[in-house]
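[1] I need the structure of the sequence given here:
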Amino acid sequence: MKSAAAMLIGMACVSAPAMGPAMGKDIAIAHAKGETVLKSVPQKVAVYDLATLDILHALQVDAVAGVPKGAEGKGNFPPHIAGFGDAKYSNVGTLFEPDLAALRTLQPDLIVIGGRSAKKYDEVAAIGPTIDMSSSDKDLAATAIASTRKLGTLFGVSDRADASVARFEAVLAQLRAQAAGAGTGLVLFAAGQGVMVHAPGDRFGHVYDFVGIRPAVAPAAPAPSGPRPVAGSPEAAAARKLQQETLVKALGSEPNWLFVIDRNAATGNKPSTIAQTLGADARVSATKAWKAGRVVYLDPKTWYLVGAGIDALSQSAVDTTAVLKAGAG
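    Prediction:
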């Protein structure tokens, strides 16, 4: 979904970090892996978590020195934080694989991991002070707020954090007020050439709570533990059959709105073709929601790559509200 409004929160990363906590006092930061103690406010930070990059950008904290740009050195950043692809930011690996040699060369006074990079905590923590900004909270909005306040405190810009949170809560309230009368919604996740339903409890089931719309499907059953079925195996075929049956049943419930996340558009650089793909699928195009144009294309990089970034989610709330209003008639 293309942006329907200008970003509400200032985007220029121009301010130097504030002095933060009193000089000479250690700064203790609780995070997903425990607690990390810093001697002072970080001045050179390597960040592997795009939600953290989003938040530091919103807070105008100019301390980022290294970001994941991958083998090509370009990175895959949403437009509002595309500036982190600039050459002045060191390339420290990928979202999944930190470049340990690059980290040692950079010598950051703080390393931030989260989500995709969380499994590498021990390796990067051996190089420098590290925090894991992963969250077990299924409430995406609450996670964004908590992370914004945590980083605001760490970098001594709590006033900016409070302002960002207040703006976010305001646009979120507007979205949920609009969604309250919008009926039911169904989240569709498109990957490769296929599309599947994500119910409450699934990976992107938090869309329902974030938007504030009533799910058209029941919560998902707990996922089986263990690795995914091997491609081509009977187990994989059975899982695929169940996905298709779930999709047919969910679309048959005639949800009032379809919410679409396109993985291909999130990970690639080509224009999205998801609208054409869905339109060519008779199961989707036969629904009343599709025929009425009640489809919300959630920004793919926001929802698939960034997650709990307060700027990205603020814009998503604004854009989604606009689409729900336009389709209210």
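
[2] where does the stretch 51-200 of the chain dip in pLDDT?
    Counting by pLDDT under 70, the stretch 51-200 of the chain has no low-confidence residues at all.

[3] Tell me which stretches of it form helices.
    Secondary structure of the stretch 51-200 of the chain by DSSP state H, counting those that start in this stretch: the helices cover 100-106, 121-125, 140-154, 158-179.

[4] which strands and helices sit next to the shortest one?
    It refers to helix 121-125. Here helix 121-125 touches helix 100-106, strand 110-113, strand 130-132, going by 3 or more Cβ pairs under 8 Å, 6 or more residues apart in numbering; DSSP states H and E. C-beta: built from backbone N, CA, C; applies to glycine.

[5] Which one of those lies nearest to F155?
    Nearest of the helices and strands packed on helix 121-125 to F155, taken as Cβ to Cβ: strand 110-113 at 9.9 Å.

[6] Just send the helices and strands packed on helix 121-125 back as CSV, with distance to A239 and mean neighbour count too.
    Formatted as CSV, those follow (distance: least, Cβ to Cβ, whole Å; neighbours: other Cβ atoms under 10 Å):
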stretch, distance to A239, mean neighbour count
helix 100-106, 36, 15
strand 110-113, 30, 26
strand 130-132, 30, 25
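
[7] Dump those to JSON lines, plus distance to I261.
    Output for those, formatted as JSON lines (distance: least, Cβ to Cβ, whole Å):
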{"stretch": "helix 100-106", "distance to I261": "31"}
{"stretch": "strand 110-113", "distance to I261": "24"}
{"stretch": "strand 130-132", "distance to I261": "25"}
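
[8] so which of these comes closest to D62?
    strand 110-113 (13.8 Å).

[9] Need the residues that contact the closest one.
    By Cβ atoms under 8 Å, 6 or more residues apart in numbering, the surrounding residues in contact with strand 110-113 are 38, 42, 44-49, 52, 98, 103, 120-121, 124-125, 127-134.

[10] Please repeat the previous calculation with a cut-off of 7 Å.
    38, 42, 45-49, 52, 103, 120-121, 124, 127-133 (Cβ atoms under 7 Å, 6 or more residues apart in numbering).

[11] quick revisit: so which of the helices of the stretch 51-200 of the chain gets nearest R203?
    Of all these, helix 140-154 comes closest under Cβ to Cβ, at 11.5 Å.

[12] I figured T36 hits I131, correct?
    Yes. Here T36 reaches I131: they are 5.2 Å apart, a contact under Cβ atoms under 7 Å.

[13] Just say helix, strand or coil for the closest residue to A58 other than its chain neighbours.
    What sits nearest to A58 in space, not counting adjacent residues and going by Cβ to Cβ, 6 or more residues apart in numbering, is D311, at 4.5 Å. Look at D311: counting by DSSP: H, G, I helix; E, B strand; the rest coil, its state is helix.

[14] And the pLDDT for D311?
    pLDDT, D311: 98.

[15] Over to the one 5 residues further on?
    Taken from the predicted model, the pLDDT recorded for S316 is 98.
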